[in-house]
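*Asks:* give me a 3D structure for the following:
(chains A and B)
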There are 2 protein chains.
Amino acid sequence: MPLGYPQRAMSTSFLEKLRSSAAKNRSWLCVGLDPDPERLPEPLRDRPLLEALERFLRAIVEATYDLVCAYKPNSAFYEALGPEGLALLRRLVREIVPGRIPVILDAKRGDVASTARLYARAAFDVVGADAVTVSPYLGFDAVEPFLRYGDRGVFLLCRTSNPGAREFQDLPCDGGPLYQRVAERARAWRAQSRAELGLVAGATYPEELAVVRGIVGEETLLLVPGVGAQGGDLERAARAAANAQGENAILVAARSVLYASGQRDFAEAARREAERLRASIQRALA
Amino acid sequence: MPLGYPQRAMSTSFLEKLRSSAAKNRSWLCVGLDPDPERLPEPLRDRPLLEALERFLRAIVEATYDLVCAYKPNSAFYEALGPEGLALLRRLVREIVPGRIPVILDAKRGDVASTARLYARAAFDVVGADAVTVSPYLGFDAVEPFLRYGDRGVFLLCRTSNPGAREFQDLPCDGGPLYQRVAERARAWRAQSRAELGLVAGATYPEELAVVRGIVGEETLLLVPGVGAQGGDLERAARAAANAQGENAILVAARSVLYASGQRDFAEAARREAERLRASIQRALA
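*Replies:* The predicted structure is shown next:
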């Protein structure tokens, strides 16, 4: 790992870290760190799996950390590797990602309050993440234990990027689709808790993204997955998600960056793709 | 651990295991295996934490395995302990619980299809669970990777046991509350996939439980948490959740069994409480 990486500074809040990395790197791009054993670059394949994945993640982070506002590992990729995968996730967050770049743990957790407290501990204290994604289905008491940390970010699922999102999220509830009810409640919860509560809304549905931005106002962060491999139009999504100042929209690309090349040049290719995406976002928000 | 525990038999489907343990033990009681370091019985407290928790779980399982139809560990309790906690969860499922008693991993996962596939792998192949709980918010494509295993059980959150459940689950959607829409979709998904898709509905809301049973028909399994510490009325919940034959309702108690005593007699006290709960359920369903 490069010299001079500071330790993960947990005394700095998620929001401060995010604003600082977005400004310093002139970037609202977030790279998803979702290591897939089946897509490891060819030169790493002869190593033991966990070692290969760690080298892969380290190379991707070293190649992109000055181009992003945040990283977003998805917990499933690590859980599928067993307890050693969770140890890798913890090292990724605490040692590999530079301490000044915030890490959003994509975990989509949601459970009753006494259990949510433990999920918050796992994400924030064990893994060491700066922010986490959570599910709205159980209501406020399932979200509140995450908000109580105060200095960490919480992103509530609102309009997800997958095709099945329509099934329940678009159901007309009380005169409008369910995802709009979720956005309205999130706005109220945010005001009430004074914590950094943002929303997840997929790049694959730019019209709904714009509606969500309209509901939550200018200050709320939107986390926007689905760029690249999932087919979302990056520039359109960036314009729909950002506020009037061209800020507060975190645009996530994972596979298109991580697997830009499967050969010896995988890290350079990842950097080129991240540069291209960052420039697209800058253009869209100019 | 008692001699003669068979290895976890993954060749037997969740449903076969459940029917067999429910019949053999004359029980629809499921014990939640949620180890809380702060509530460890006094005689175990001088040991290293992970060792103490493992001894605790082993003693609870040994004291209750002939009284239950299933066990339900909640993933959060293990995740909060770090990677070693996940290793404990795997040992619990693969070595401590007798192979003929099904284990329902309460994980409430929900993510886009390519990620849900990894959560299914983590639950079924890594941990070795027979069944898992999942969240409906992302729609069918987030659930389908779990159903595709065919022989495992999947329980979709419908009406949860917490106070905040009302917030979204009771929103009027298309003429009835959202949780009823979820139950209707689950019924259709179950028919379409021919997999063992059940629903989670909390003991704390017996009227809604009865509505859910009415929607899904006789064959669908209902997983009913919230008995005991969460305040649900066990006999009322059992009658509302079971089908006309007094079957297919899995009633979950966790804290009231695990922490029945904090002293040297904790395992005997857990057994007595499990016997009492089993008898209550038998009475209600007679």
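*Asks:* make it CA atoms for all contacts and neighbour counts henceforth
*Replies:* Noted.
*Asks:* which residues in chain A form strands?
*Replies:* With DSSP state E, the ranges of strands along chain A come out as A:29-32, A:70-72, A:104-109, A:131-134, A:153-159, A:172-173, A:176-177, A:196-201, A:222-227, A:249-253.
*Asks:* which strands and helices sit next to the fourth one?
*Replies:* When you say that, I think you mean strand A:131-134. Applying 3 or more CA pairs under 8 Å, 6 or more residues apart in numbering or on different chains; DSSP states H and E, one finds that strand A:131-134 contacts strand A:104-109, strand A:153-159.
*Asks:* the same query, at a cut-off of 10 Å, please.
*Replies:* When contacts are defined as 3 or more CA pairs under 10 Å, 6 or more residues apart in numbering or on different chains; DSSP states H and E, strand A:131-134 sits against strand A:70-72, strand A:104-109, helix A:113-120, helix A:144-147, strand A:153-159, strand A:196-201.
*Asks:* got it, and the third one?
*Replies:* Based on contacts counted as 3+ CA pairs under 10 Å, 6+ apart, the elements that strand A:104-109 packs against are strand A:29-32, strand A:70-72, helix A:75-79, helix A:113-120, strand A:131-134, strand A:153-159, strand B:104-109.
*Asks:* make CSV from the strands of chain A and add mean neighbour count to it.
*Replies:* Formatted as CSV, the strands of chain A follow (neighbours: other CA atoms under 10 Å in any protein chain shown):
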stretch, mean neighbour count
strand A:29-32, 28
strand A:70-72, 26
strand A:104-109, 24
strand A:131-134, 27
strand A:153-159, 28
strand A:172-173, 21
strand A:176-177, 14
strand A:196-201, 26
strand A:222-227, 26
strand A:249-253, 27
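*Asks:* returning to what we had before: can you lay out the helices and strands packed on strand A:131-134 as CSV showing mean pLDDT?
*Replies:* As requested, these are exported to CSV (pLDDT from 0 to 100):
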stretch, mean pLDDT
strand A:70-72, 98
strand A:104-109, 98
helix A:113-120, 97
helix A:144-147, 97
strand A:153-159, 98
strand A:196-201, 97
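*Asks:* turn the ones you listed into TSV, columns for distance to A:Ala269.
*Replies:* Listed next are the helices and strands packed on strand A:131-134 as TSV, based on distance: least, CA to CA, whole Å:
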stretch	distance to A:Ala269
strand A:70-72	18
strand A:104-109	23
helix A:113-120	35
helix A:144-147	36
strand A:153-159	30
strand A:196-201	28
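*Asks:* which one of the ones you listed lies nearest to B:Cys173?
*Replies:* strand A:153-159 (16.3 Å; CA to CA).
*Asks:* direction included, what does that closest one pair up with?
*Replies:* Strand A:153-159 has the following sheet partners, assigned by DSSP bridges: strand A:131-134 (parallel), strand A:196-201 (parallel).
*Asks:* quick one: which of these is nearest B:Arg236?
*Replies:* strand A:131-134 (32.2 Å).
*Asks:* averaged pLDDT, that closest one. What do you get?
*Replies:* The pLDDT scores in strand A:131-134 average 98.
*Asks:* from the chain's centre, how far out does that strand sit?
*Replies:* Centroid separation for strand A:131-134 versus its chain: 8 Å, with CA atoms, centre = their mean, to the nearest Å.
*Asks:* how about it as CSV, C-alpha atoms only?
*Replies:* Output in CSV follows, covering the C-alpha atoms of strand A:131-134 (Å, rounded to 0.1, in the frame of the first residue of the first chain):
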residue,chain,number,x,y,z
ALA,A,131,-22.1,5.1,5.9
VAL,A,132,-24.4,2.2,5.2
THR,A,133,-27.5,1.4,3.1
VAL,A,134,-30.7,0.3,4.8
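*Asks:* closest one to B:Arg255 among the strands paired with strand A:153-159?
*Replies:* It's strand A:131-134; of the strands paired with strand A:153-159, that one is closest to B:Arg255 (CA to CA) at 24.8 Å.
*Asks:* next, count neighbours for A:Arg55.
*Replies:* 16 (other CA atoms under 10 Å in any protein chain shown).
*Asks:* no wait, A:Cys69
*Replies:* 28.
*Asks:* isn't it right up against A:Leu29?
*Replies:* Yes: applying CA atoms under 10 Å, one finds A:Cys69 in contact with A:Leu29, separated by 5.8 Å.
*Asks:* what's the overlap in contacts for the two?
*Replies:* A:Ala22, A:Ile250, A:Leu251, A:Arg278 (CA atoms under 10 Å, 6 or more residues apart in numbering or on different chains).
*Asks:* closest to B:Glu54 out of those residues?
*Replies:* The closest of the shared contacts of A:Cys69 and A:Leu29, once distances to B:Glu54 are taken by CA to CA, is A:Ile250, at 41.7 Å.
*Asks:* check contacts around that closest one.
*Replies:* Taking CA under 10 Å, 6+ apart as the definition, contacts of A:Ile250 comprise A:18, A:22, A:27-31, A:68-70, A:200, A:221-225, A:238, A:241-242.
*Asks:* change it to 6 Å
*Replies:* Contacts for A:Ile250 (CA atoms under 6 Å, 6 or more residues apart in numbering or on different chains) come out as A:Trp28, A:Leu223, A:Val224.
*Asks:* save these as CSV, and put in distance to B:Glu79 and pLDDT too.
*Replies:* Below are the contacts of A:Ile250 laid out as CSV (distance: CA to CA, whole Å; pLDDT from 0 to 100):
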residue, distance to B:Glu79, pLDDT
A:Trp28, 31, 98
A:Leu223, 24, 98
A:Val224, 26, 97
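*Asks:* please identify which of the residues you listed is nearest to chain B.
*Replies:* A:Val224 (13.7 Å; CA to the nearest CA).
*Asks:* quick check: end-to-end length of stretch A:93-108?
*Replies:* Distance between the two ends of stretch A:93-108: 18 Å, counting by CA to CA, to the nearest Å.
*Asks:* kindly report the same for stretch A:185-200.
*Replies:* 14 Å.
*Asks:* tell me which of the strands paired with strand A:153-159 sits nearest to A:Gln282.
*Replies:* strand A:196-201 (19.6 Å).
*Asks:* measure how the closest one sits relative to strand A:249-253, angle-wise.
*Replies:* Relative orientation of strand A:196-201 versus strand A:249-253 (axes from the mean of the first three to the mean of the last three CA atoms, to 10 degrees): 50 degrees.
*Asks:* got the angle for strand A:196-201 vs strand A:222-227?
*Replies:* 30 degrees.
*Asks:* chain center to strand A:196-201, what's the gap?
*Replies:* Worked out by CA atoms, centre = their mean, strand A:196-201 lies 10 Å from the chain centre.
*Asks:* over to stretch A:103-112?
*Replies:* Distance, centroid of stretch A:103-112 to centroid of chain: 11 Å (CA atoms, centre = their mean).
*Asks:* now what about that stretch, what contacts it?
*Replies:* Residues contacting stretch A:103-112 (CA under 6 Å, 6+ apart): A:70-75, A:129-135, A:142, B:162.
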